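> model this:
(4 chains, ligands or ions: 2)
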Amino acid sequence: MKELTYREMGLTDHEYNQIKNILGREPNYLETGVFSVMWSEHCGYKNSRPLLREFPTEGPQVIQGPGENAGVVDIGDGQALVFKIESHNHPSAIEPYQGAATGVGGILRDIFTMGARPIAMLNSLRFGGGQDARVRELLSGVVAGIGYYGNCMGIPNVGGEVYFNETYKGNPLVNAMCVGLVRTDEIALAVASEVGSSIMIVGAKTGRDGIHGATFASAELSEKSKEKRPSVQVGDPFMGKLLMEACLELIKEDLVAGMQDLGAAGLTSSIAEAASKKGRGVVVDVSKVPRRETDMAPYEVMLSESQERMLIIPRPGAEARIEAIFDKWGLDATAIGQVTDDGIFRVMDSKSVVAEVPVMALTEGCPVYVRTAEEPEYYERCRTYDMNLVPQANPQAALKKLLASPNIASKKWIFSQYDYQVMTNTVIMPGDGDAAVLRIKGTRKGVAFTTDCNSRMVYLDPYQGGMMAVCEAARNLACVGGKPLALTNCLNFGNPEKPNVYWQMKHAIAGMSAAAKALDTPVVSGNVSLYNETSAGAIFPTPVVGMVALLPDIDLRCDMAFKQDGDLICILGRVRYELGGSEYLSVCHGLETGAVPAVNLEEERSLLELVQELVKEQIVQSCHDISDGGAAITLAESAIKGKIGCHIKVNSHGARVDGLLFSESPGQVVISAKRSDMERLVQLAVEHQVEMRTIGTVGGDEIIIEDNDIEIICLSVQEASEIWSGAIERFMK
Amino acid sequence: MKFGVVVFPGSNCDADCYHVVQTVLGHEVDYIWHQQASLTGYDALIIPGGFSYGDYLRTGAIARFSPIMPAVIDFANQGGLVLGICNGFQILLEAGLLPGAMLKNRSLKFICDKVNLKVKRNDTAFTNQLRVNEVITLPIAHGEGNYFCDEETLTALRDENRILFTYCNASGNEGVEYNPNGSVANIAGIVNRQGNVLGMMPHPERCSEKILGGMDGYSIFASILQSFQEAGR
Amino acid sequence: MYKANIYVTLKKGVLDPQGNAVKNSLHVLGYQAVSEVRIGKLIEVWLEADDEQNARRELEELIDRLLANPVIEDYQVEIVGVE
Amino acid sequence: MYKANIYVTLKKGVLDPQGNAVKNSLHVLGYQAVSEVRIGKLIEVWLEADDEQNARRELEELIDRLLANPVIEDYQVEIVGVE
Ligand SMILES: Nc1ncnc2c1ncn2[C@@H]1O[C@H](COP(=O)(O)OP(=O)(O)O)[C@@H](O)[C@H]1O
Ligand SMILES: [Mg+2]
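Ligands and ions are numbered 1, 2, ... in the order given. Predicted coordinates for the structure are as follows:
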């Protein structure tokens, strides 16, 4: 293997000098490699750490905030949810199928490392907007890869989102979220505390896969990336499944003191992280690591990102039992080292010491950069864009166009490739509600999950867009009857060394933080993926929010389908006619501009409380929030899902009708309810101080919208359904 | 009645089947680890869905050699009820308990959806709670459910009335357009000659409770209980 | 140590969904000259044996028992090297 | 009409989960003599071409575009017949 210079490993001259100062000598090749991966953005968060401090991370529901493999929230009865979202963007750009598959494998390991049994997966995807062969190839590869891994593991994939936009051309985003269920007294942490404890590596053998993957993930994609790319990691979900079952068995028998998966930067990072939590040291002998290939140098063993491996710190004396359990599952479990008290990360190759550096220098010692933020030129221009310049499109034609937009159309082509029912807990399936709902067997409880981010809004106004992502997630959860508990996030941005990108990050995080505080949904875990750029520029800033909620009674839930002829349809929340950043502007006018509709956190909070109350009292028959495509799309989707039409009568009072139909202003939900429940509905809306207006009735075979008694839309549910259902399928054929 | 759910490395619907028997049917059930070599005291076996051995090489091909399989084959040969669901069906094919083989879905994609099935017979241990020609709706989730057998075998399956379920539309019409995977003669499930071994691609355990959106799967399990009672055991 | 290549192909008459799909997409891409595609497996096996005859006998047993399914597949074995 | 066999194998060093699982189960079945198994594809293609050189050129294009994944796979083409 050709030796890399420290620069090729991604270290700057300044950083290299720092390392020399720490060691008081030149680092050897292995040590340089170890520092370079630990000090990469992916492992060290060196560009994002100061910004992340702004997130609220506490609350009575939080059992474990950021800092562990995943966050943990309490759901009562001695149970907790463990969850996290993670990116696998760059590997997926190079090899979509394996890149996505190994991304899923990685996030699954993060969850069962905590002792939790994974119960659901979600995924948030972004691809280029030109509907071309490359997008098709990426989408089908990524979806098949996600399905392959998750289906084989038997974890239902119950939700997610997918968007298409030109900025992701060449740099698609693949973010996977996993949620696990754990008993609060069985939570496992990644700590090496007892001096003298042995350190075991378990699972797959080590090969030369993905060496310097973490560094690769922390650089821009260029034509050269193909040459630079580490040898691609191939996922082995069968091995993943065995590893999961074996690890969960160890937890049940209380055999582990600490457990840590091997992800980015492999052994190096998992050992350093486990040791640094309690200020311990470690000594490992690379010659003991089971290998798949011959003649591997210590450097390769320490930096390999071979999948399906874990690190285990056994409870004293538990080694033999651990080996027996792994043997039952046909897996290797090998002691490779020990926890020491000297704070040194020491690597041996049999008898000789091949690396020796202070643990803390690798973790806490990672340099931190506060970059320059600079407002980009586009911001003011877009914010003050004069909407009067935009002509009004024909409402009926616009609705049809929007229904066919892949950003809005049915995602069935995607989720039908995922097993979303295995484990027999999925009660609101993908596409049927604003969030997925799962029961928890043996209790009356339910849980709900969603991921959200409208990155166009974040681009146009990072602060508002950041708030919006959090609010939309919470709103989606409330619509199915859940009380939002906490969130995880994946911050996908461009190159932070560019002041405009750093500005986007800073403001998006500020917006997310403000909303998370106001809605009492602290951040318990997350992931940062920077340098999402190609020569064409940075992606839209895409801070994806994954959120979880609790339903105290699984029977008190709601989906989005209109149910019954004669039910009344209402909009809850303040109706506004704002078109900035809308899908309508993009699809019908080719514009991605305008002032982003402002979020009002107080109103949002009241709305969420009202909606939860309505579902709890079973006053609403259907519930669907207004987001991409605006009210017209929300109505059409509820009609399509319910296979029944609606008759809407509104009055734009001379304002823009397209604003009324297609505005994506946050804080609004469309519900349907029986006439006999209206009185109570009004009463509750008043109590929660939420604006409410009745806009029509459910019934018939058509979606009819009248403005001021003039029919502006009349589309059969059948036709709407065909356009909406077939759009992605037609594109993928 | 006592059920056994056979667990191979990579099985992933084992817990779902266990749950249905224990919680929904209220009967006794054990997991049977694939390395066990004998089986005693069971009235019915379920070979659950999943990806035994990763479904590497061919679905079901490696599982078929698990130590438990000779005992499963004995059990079946002695008339014990065996229900193979999805990967379980694939394993039964590889083990030769049912004829034919499985190919990749026509679309080459994994498909998770609901399908309509036509019940072809109700005089079996698995369908006595259903009506002949009744259309039931069950979930499917598989990448290789494209059942194949040669002409001769197909003729035999037909002559011996061994096709239990076929894919159809809501009104019971069979046709390739309602067949999700391209299987021969729209086959979704077949039994052996004695009628005590059923292999089916759809998942009855996923719709045996109201909360999961359907009860049609329950009828299949209820049929098993009924036949057991009738046999007076 | 012998190295063998085992070619497992779908029997004539067994529909090949994968081959079909590939053929169709080749047609869509403009490769009309392709009239048929069939996709099988190439299984490479390295094994110890006393001589080639034993190696072949052993391989055929493996194939019959596990590597190919006679209901749908045919196979050919080729011993390609000795180390 | 040319018939070609395309052999697609995983690049050296790339993990082969399938081959591994097969090897392990062969060991369990008692075939300890097998030290390694790798599973690749055999793609049979029938196509019209003016001559063998053209056939080969066309095939290599097909392979690059659709039949093999250069990130993890190697391939070899063999023209095995003319009809
Ligand atoms: N990549 C994906 N994976 C799985 N499910 C998805 C994916 N994209 C969308 N879905 C599902 O499709 C449905 C519609 O998605 P979306 O348009 O984002 O809805 P919403 O705006 O209400 O969140 C949701 O149930 C969502 O979970
Ligand atoms: Mg959404």
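> helices of chain C, residue ranges please.
C:17-28, C:52-62 (DSSP state H).
> mean neighbour count added to these, as a markdown table?
Quick note: C-beta positions are derived from backbone N, CA and C, even for glycine. Output for the helices of chain C, formatted as a markdown table (neighbours: other Cβ atoms under 10 Å in any protein chain shown):
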| stretch | mean neighbour count |
| --- | --- |
| helix C:17-28 | 17 |
| helix C:52-62 | 16 |
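> lowest mean pLDDT across those helices, which one is that?
Lowest mean pLDDT within those: helix C:17-28, a mean of 90.
> is it positioned near chain A?
No. Using Cβ under 8 Å from any Cβ of the partner chain, helix C:17-28 never reaches chain A; the gap is at least 9.0 Å.
> what's in contact with that helix?
For helix C:17-28, contacts defined as Cβ atoms under 8 Å, 6 or more residues apart in numbering or on different chains pick out B:103-108, B:146, B:182, C:10, C:34, C:36-39, D:43-44, D:62, D:66-67.
> alpha carbons of it, as CSV, please.
The C-alpha coordinates for helix C:17-28 follow below in CSV (Å, rounded to 0.1, in the frame of the first residue of the first chain):
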residue,chain,number,x,y,z
PRO,C,17,-36.4,-12.7,-14.6
GLN,C,18,-33.0,-11.1,-14.1
GLY,C,19,-31.8,-11.9,-17.6
ASN,C,20,-35.0,-10.6,-19.0
ALA,C,21,-34.8,-7.4,-17.1
VAL,C,22,-31.3,-6.8,-18.3
LYS,C,23,-32.2,-7.6,-21.9
ASN,C,24,-35.0,-5.1,-21.7
SER,C,25,-32.9,-2.4,-20.2
LEU,C,26,-30.3,-3.0,-22.9
HIS,C,27,-32.9,-2.5,-25.5
VAL,C,28,-34.0,0.7,-23.9
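> phi and psi next, for whichever residue of the stretch 451-600 of chain A sits closest to ligand 1.
Across the stretch 451-600 of chain A, the shortest distance to ligand 1 (Cβ to the nearest ligand atom) belongs to residue A:476, at 5.4 Å. Dihedral pair for residue A:476: phi -60, psi -40, per degrees, to the nearest 10.
> same check, this time on the one 4 residues further on
The phi and psi values for residue A:480, taken as degrees, to the nearest 10, are phi -90, psi 0.
> what number of residues lie near it?
29 (other Cβ atoms under 10 Å in any protein chain shown).
> just residue B:175 next, same as before
Residue B:175 has 11 nearby residues by other Cβ under 10 Å.
> could I get the contacting residues of it?
With contact set as Cβ under 8 Å, 6+ apart, residue B:175 has these partners: B:168-169, B:186.
> roughly how far apart are it and residue A:30?
Distance from residue B:175 to residue A:30, counting by Cβ to Cβ, to the nearest Å: 64 Å.
> please narrow the contacts of helix C:17-28 to those residing in strands.
Among the contacts of helix C:17-28, the residues falling in strands (DSSP state E) are B:103, B:146, C:10, C:34, C:36-39, D:43-44.
> roughly how far apart are the spatially closest residue to residue A:716 that is not a sequence neighbour and residue A:712?
Spatially, and ignoring its direct neighbours in sequence, residue A:716 is nearest to residue A:702 (5.2 Å; Cβ to Cβ, 6 or more residues apart in numbering or on different chains). Applying Cβ to Cβ, the value for residue A:702 to residue A:712 is 13 Å.
> equivalent analysis for residue A:318, please.
Going from residue A:318 to residue A:712 by Cβ to Cβ gives 71 Å.
> where in the chain is pLDDT low?
I went with chain A, as the question did not name one. A:1-2, A:214-218, A:221-231 (pLDDT under 70).
> wrong one, chain B
In chain B, residues with pLDDT under 70: B:233.
> how about the residues of it by chain A?
B:9-10, B:12-13, B:15-16, B:19-20, B:23, B:49-51, B:53-56, B:109-113, B:139, B:141, B:143, B:203, B:205-206, B:209, B:211-213.
> and residue C:73, what does it touch?
Contact partners of residue C:73, counting by Cβ under 8 Å, 6+ apart, are C:8-11, C:40.
> need the phi and psi values for the residue in chain B that chain D sits nearest to.
Nearest to chain D in chain B, going by Cβ to the nearest Cβ, is residue B:56, at a distance of 4.1 Å. Dihedral pair for residue B:56: phi -70, psi 160, per degrees, to the nearest 10.
> what is the neighbour count of it?
Counted by other Cβ under 10 Å, the residues lying close to residue B:56 total 24.
> ligand 1 contacts on chain B?
Contact residues, chain B versus ligand 1 (Cβ under 6 Å from any ligand atom): none.
> strands along chain B, start to end?
In chain B, the segments counted as strands under DSSP E are B:2-7, B:28-33, B:44-47, B:81-85, B:101-103, B:111-119, B:135-142, B:146-148, B:163-168, B:187-191, B:197-200.
> interface residues of chain B facing chain D?
Contacts of chain B with chain D, taken as Cβ under 8 Å from any Cβ, map to B:53-54, B:56-57, B:62, B:65.
> most neighbours, which of the residues you listed?
Counting neighbours by other Cβ under 10 Å, residue B:53 leads the residues of chain B next to chain D with 30 neighbours.
> that one - nearest residue in space that isn't next to it in sequence?
Excluding its sequence neighbours, the residue lying closest to residue B:53 (Cβ to Cβ, 6+ apart) is residue B:62, at 3.8 Å.
> for the one you found, give me its contacts.
Shown in contact with residue B:62 (Cβ under 8 Å, 6+ apart): B:52-53, B:56, C:66, D:21-22, D:25.
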